[in-house]
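S.K.: Requesting a structural model of the entry that follows:
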Amino acid sequence: MMTTLAFFPVGNGDMTLIELESGRTILIDMNIRAAADDPNDPTPDVAGLLRKRLKRDRQGRLYLDALLISHPHQDHCAGLQEHFHLGPPGEWSTKTDKILVREIWSSPMVFRRASRDNVLCEDAQAFNSEARRRVKRFRDSRGAVGDGDRILILGEDEDGKTDDVGPILIKVDEVFSRVNGEYDWSISARLLAPLPRSDDEGEEEVLAKNESSTILQFSFTGASNPDKGRFLSGGDAEVAIWERLWQRHWTQPDRLSYDILQAPHHCSWHSLSYDSWSELGEDAEVCSDARSALAQARPGAVIVASSEPIKDDDNDPPCIRAKREYEAIVANVRGSFKCVGESPSEDAPEVMEFEIGQYGPRPKTKLMKAAAVLGTGVVGRQPLPHG
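M.R.: Residues are numbered from 1 along each chain as shown. Here you go, the predicted structure:
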């Protein structure tokens, strides 16, 4: 089994499923829109597409091994309450048949910064409540928790609030290789953000206003290659976040390197610049440090925009100028830029999939999918430059 990444067509939103070589699954964000329930509406039924990719446990429950909400905006968590079981796992119902989340990955600092000046949407509030329930369960049981009760906390909270939960706490810059409470040989992940709370209120305000998000660099391994591919996921993080990450890691740029980058904030110009695209147009200037952070592409790298089709207009996101910057980045490594909302067509976008094999990531075409189903192997596969 190969590791695969699936980017679901969710408009200007994020929904990415990682299926590891070990067989475990990780979902990053969701944007499950109610319009998909209308058979006459063209909105893709991404909930149904996700369910087809998941397995059932011995109790007949569809499950994810881990779920991360990178940023608590509606376009990252829409559909959570409708499609995922929240609450004690013993209360899961056959009637509703919702997806059980074995382990939640949550960042209290991301949620705290997001709620600083805004009211969280209902799905984000529900996720936050579920995270709190699981932390309480961990404390009350002294760590003796099972599937559906587990949580991994990504980044320290303020005022020492996470000091007593060390076994389930991942600190910034730490690398971890466990999924659903167990070591997983096929993955390691480095937590790059959220950055810890700053004692400088001005700095903290900047971090909050720049769409603080959980940023992870995933590294995938396999028996044939210990460095099969890297995936950089950054939610909606904007320019000040990426600028600070470069200033933090410029002497170790490998910490920001990738074979696949999910363009932050749905290919927004605000992840690359402090200037307004709609106001300044071509006079808007790139922040060099932020661009450097997002430019650590490895040979053959792919940048994926999870967005609506990108037009040459004033929209942001997605932004045509951001697309051009990303195309310039991958051109230097003979890579490519892809937009989920345009593939295979703007009228009927489909799940964009990549498999990560011996020679690194490559798009998973319909022909390759059919070959896998028939057991005939990958057809016409050629190695990409990698590493």
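S.K.: Now the longest helix along the chain: average pLDDT?
M.R.: In the chain, assigned by DSSP state H, the helix with the most residues is helix 122-141. Helix 122-141 shows a mean pLDDT of 97.
S.K.: Report the buried residues of it.
M.R.: For helix 122-141, burial by neighbour count (16 or more other C-beta atoms under 10 Å) applies to 123-128, 130-131, 133-135, 137-138. The C-beta positions use only the backbone N, C-alpha and C, and glycine is treated the same way.
S.K.: Hmm, residue 274 and residue 287 touching each other?
M.R.: Yes: applying C-beta atoms under 8 Å, one finds residue 287 in contact with residue 274, separated by 6.0 Å.
S.K.: how about low-confidence regions in the stretch 151-300 of the chain?
M.R.: Across the stretch 151-300 of the chain, nothing is flagged by pLDDT under 70.
S.K.: about what we covered before: kindly reformat the buried residues of helix 122-141 as a markdown table and extend each row with distance to residue 345.
M.R.: Shown next, in a markdown table, are the buried residues of helix 122-141 (distance: C-beta to C-beta, whole Å):
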| residue | distance to residue 345 |
| --- | --- |
| 123 | 30 |
| 124 | 32 |
| 125 | 36 |
| 126 | 35 |
| 127 | 33 |
| 128 | 37 |
| 130 | 37 |
| 131 | 38 |
| 133 | 43 |
| 134 | 41 |
| 135 | 44 |
| 137 | 46 |
| 138 | 46 |
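S.K.: List the residues that contact residue 267.
M.R.: Taking C-beta atoms under 8 Å, 6 or more residues apart in numbering, we find residue 267 in contact with 305, 307, 310, 317-319, 322-323, 326, 339.
S.K.: repeat that with 7 Å
M.R.: 305, 307, 310, 317-319, 322-323 (C-beta atoms under 7 Å, 6 or more residues apart in numbering).
S.K.: Check residue 278 too.
M.R.: Contacts of residue 278 by C-beta under 7 Å, 6+ apart are 314, 316.
S.K.: Phi, psi for it please.
M.R.: In terms of degrees, to the nearest 10, the main-chain angles of residue 278 are phi -70, psi -30.
S.K.: now swap in the one 3 residues further on and tell me
M.R.: Note on residue 281: backbone dihedrals following degrees, to the nearest 10 are phi 60, psi -130.
S.K.: Could you report the neighbour count for it?
M.R.: Residues lying near residue 281 (other C-beta atoms under 10 Å) number 11.
S.K.: Show me the contact partners of the longest helix of the chain.
M.R.: Residues contacting helix 122-141 (C-beta under 7 Å, 6+ apart): 69, 72, 74, 77-78, 80-81, 86, 104, 106, 111, 120, 145, 149-151, 165, 168.
S.K.: What lies in contact with stretch 150-160?
M.R.: 102-109, 112, 131, 134-135, 138, 162, 165, 168-172, 180-181, 191, 194, 196-197, 214.
S.K.: do stretch 226-237 as well
M.R.: Outside of stretch 226-237, the residues within contact range by C-beta under 7 Å, 6+ apart are 3, 5, 16, 28, 70-71, 73, 76, 193, 210-211, 213-222, 256-262, 264-265, 271, 298, 356-357, 360-361, 387.
S.K.: Next, the buried residues of that stretch.
M.R.: Quick answer for stretch 226-237 (16+ other C-beta under 10 Å): 228-237.
S.K.: So which of the contacts of stretch 150-160 are in strands?
M.R.: 103-106, 169-170, 191 (DSSP state E).
S.K.: so can I have a markdown table of the residues you listed showing neighbour count?
M.R.: Rendered in a markdown table, the data for those read as follows (neighbours: other C-beta atoms under 10 Å):
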| residue | neighbour count |
| --- | --- |
| 103 | 26 |
| 104 | 24 |
| 105 | 25 |
| 106 | 24 |
| 169 | 16 |
| 170 | 20 |
| 191 | 21 |
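S.K.: which one of the residues you listed is nearest residue 293?
M.R.: Ranked by distance to residue 293 (C-beta to C-beta), the ones in strands among the contacts of stretch 150-160 are led by residue 191 at 15.2 Å.
S.K.: which parts of stretch 19-37 are buried?
M.R.: Buried, per 16+ other C-beta under 10 Å, within stretch 19-37: 19-22, 24-33, 36.
S.K.: Could you do stretch 59-68 as well?
M.R.: 61-68.
S.K.: With secondary structure, distance to residue 155 and pLDDT added, can I get these in TSV?
M.R.: Formatted as TSV, these follow (DSSP: H, G, I helix; E, B strand; the rest coil; distance: C-beta to C-beta, whole Å; pLDDT from 0 to 100):
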residue	secondary structure	distance to residue 155	pLDDT
61	coil	29	98
62	strand	29	98
63	strand	25	99
64	strand	21	99
65	coil	20	99
66	strand	16	99
67	strand	17	99
68	strand	12	98
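S.K.: Throw those residues into a markdown table and include distance to residue 244, thanks.
M.R.: Formatted as a markdown table, those follow (distance: C-beta to C-beta, whole Å):
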| residue | distance to residue 244 |
| --- | --- |
| 61 | 41 |
| 62 | 39 |
| 63 | 36 |
| 64 | 31 |
| 65 | 31 |
| 66 | 27 |
| 67 | 27 |
| 68 | 21 |
